[in-house]
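requesting a structural model of the entry that follows:
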Amino acid sequence: MIIFASSYPVEAATVPVKMATWEEVDKLFPNFSKFTVVDMETGMKFHVQRRAGSRHADVQPLTPKDTAIMKKIYNQKWSWKRRAIYVQKGKNKIAASMNGMPHGAGALKNNFRGHFCIHFYKSSTHRKREMDLAHMLMVFKSAGKLDELIGKADPYETVTYFVTGIKEHDKGIVQRLSLRKADWKNIFSKVEAVKIARLPLLPAEDMDDELMVSIPIDIEWHLKGEGKRITESEINLFRAAPFSSWKVDSLDFIEKNELVQ
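So this is what the prediction gives:
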């Protein structure tokens with residue numbers, strides 16, 4: 001018998017954060033404007049200045065103190081991993097996502113070598129026109145709309161969200177998508193990077209009435225002390241009723257991908 005777990009951290013119902021589009025944000029926070037970044041997980045905040053960016057905001061911490069706070073948010077190690085944040089100036093609180101890796105050019109005396117990126121709803125990278133999936137999930141998380149997004153996801157979207165949550169080491173995302181609890185902290189400590197190598201697609205409408213589906217998938221793992229390997233397997237998904245959201249059998253997934261000894 002399968003029991004559908006529902007005991008994951010619940011997003012606050014009164015999160016005063018707006019999901020504004022990049023087009024709106026581009027006008028609210030123009031180049032050289034200064035604003036505050038607030039990390040959703042820790043509540044820590046620091047000040048930044050937008051310096052550039054046509055599809056998202058390229059920003060820099062204002063001072064060495066702001067750089068130190070940002071690095072503390074990332075556990076003292078710069079990383080490309082996305083984090084759910086909101087940016088604030090006056091009464092405006094806008095859902096966003098940041099990475100934590102200094103890159104490119106920088107102009108401020110702040111002990112930060114370059115700039116980092118902040119994405120908003122409908123932002124994109126310099127290379128692609130569509131939203132980066134990891135940034136998108138973090139924006140929805142910041143706006144308190146992650147459960148809504150997951151609730152509408154088809155099996156393939158559920159799988160991509162799940163793998164992305166693992167890549168970003170985001171327990172809140174993977175728990176929401178999981179049928180059963182797992183020791184994600186231990187698993188994340190082993191996963192340096194992960195991506196979907198192959199995901200054959202079937203028409204989603206063929207699954208409209210199904211309560212269980214198996215999705216073939218090849219996953220490229222980069223594991224600490226092991227390096228790169230590709231696992232060919234499948235992900236089993238379940239739901240309680242046709243109108244319910246899909247959940248990944250996470251323990252079966254962990255076993256098939258040999259993520260625990």
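
poorly predicted segments of this protein, please.
For the chain, the stretches flagged by pLDDT under 70 are 1-15, 204-205, 261.

can you give me the helices for it?
Under the criterion DSSP state H, the chain contains helices at 22-28, 64-73, 133-142, 146-151, 155-167, 171-176, 184-190, 250-256.

among those helices, which is nearest Tyr86?
Nearest of those to Tyr86, taken as Cβ to Cβ: helix 133-142 at 5.3 Å. All C-beta spots, glycine's among them, are computed from the backbone N, C-alpha and C.

quick revisit: ranking the helices of the chain by burial, who's on top?
Ranked by mean neighbour count, the helices of the chain are led by helix 133-142 with a mean of 25 (mean count of other Cβ atoms under 10 Å).

got a list of contacts for that one?
For helix 133-142, contacts defined as Cβ atoms under 8 Å, 6 or more residues apart in numbering pick out 11, 15, 17, 19, 40, 82-86, 95-97, 119-121, 123, 146, 148-149, 160-161, 164-165, 167-168, 170, 172-173.

now render the helices of the chain as TSV, adding distance to Pro200.
Below are the helices of the chain laid out as TSV (distance: least, Cβ to Cβ, whole Å):
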stretch	distance to Pro200
helix 22-28	32
helix 64-73	38
helix 133-142	19
helix 146-151	22
helix 155-167	10
helix 171-176	23
helix 184-190	25
helix 250-256	17
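
closest one to Ile217 among those?
So among the helices of the chain, helix 155-167 is nearest, using Cβ to Cβ, at 6.6 Å.

just checking, what packs against that closest one?
Helices and strands touching helix 155-167, by 3 or more Cβ pairs under 8 Å, 6 or more residues apart in numbering; DSSP states H and E, are helix 133-142, helix 146-151, helix 171-176, strand 191-198, strand 212-223, strand 227-238, strand 247-248.

save the ones you listed as a markdown table, and put in distance to Glu255 too.
A markdown table is the format used below for the helices and strands packed on helix 155-167 (distance: least, Cβ to Cβ, whole Å):
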| stretch | distance to Glu255 |
| --- | --- |
| helix 133-142 | 25 |
| helix 146-151 | 23 |
| helix 171-176 | 16 |
| strand 191-198 | 15 |
| strand 212-223 | 14 |
| strand 227-238 | 10 |
| strand 247-248 | 13 |
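
Ser54 is nearest to which of the ones you listed?
Ranking these by proximity to Ser54 (Cβ to Cβ) places helix 133-142 first, at 15.8 Å.

just the CA trace of the closest one, in PDB.
C-alpha atoms of helix 133-142 as PDB (Å, rounded to 0.1, in the frame of the first residue of the first chain):
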ATOM      1  CA  LEU A 133      14.400  26.100 -15.500                       C
ATOM      2  CA  ALA A 134      16.200  26.200 -12.200                       C
ATOM      3  CA  HIS A 135      15.800  30.000 -12.000                       C
ATOM      4  CA  MET A 136      12.100  29.600 -12.900                       C
ATOM      5  CA  LEU A 137      11.600  27.100 -10.000                       C
ATOM      6  CA  MET A 138      13.300  29.500  -7.600                       C
ATOM      7  CA  VAL A 139      11.200  32.500  -8.700                       C
ATOM      8  CA  PHE A 140       8.000  30.500  -8.200                       C
ATOM      9  CA  LYS A 141       9.300  29.400  -4.800                       C
ATOM     10  CA  SER A 142      10.000  33.000  -3.800                       C
END
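
can you give me the angle that helix makes with helix 155-167?
Following axes from the mean of the first three to the mean of the last three Cα atoms, to 10 degrees, one obtains 90 degrees for the angle between helix 133-142 and helix 155-167.

what about helix 133-142, distance to the chain center?
5 Å (Cα atoms, centre = their mean, to the nearest Å).

kindly report the same for stretch 28-47.
From the chain centre to the centre of stretch 28-47 is a distance of 18 Å (Cα atoms, centre = their mean).

same deal with stretch 51-59?
Here stretch 51-59 is found 19 Å from its chain centre; the criterion is Cα atoms, centre = their mean.

so which of the helices and strands packed on helix 155-167 is nearest Trp78?
Of all these, strand 191-198 sits nearest to Trp78, with 14.5 Å by Cβ to Cβ.

which elements pack onto that closest one?
With contacts defined as 3+ Cβ pairs under 8 Å, 6+ apart, strand 191-198 has these neighbours: helix 155-167, strand 212-223.

sounds good, over and out.
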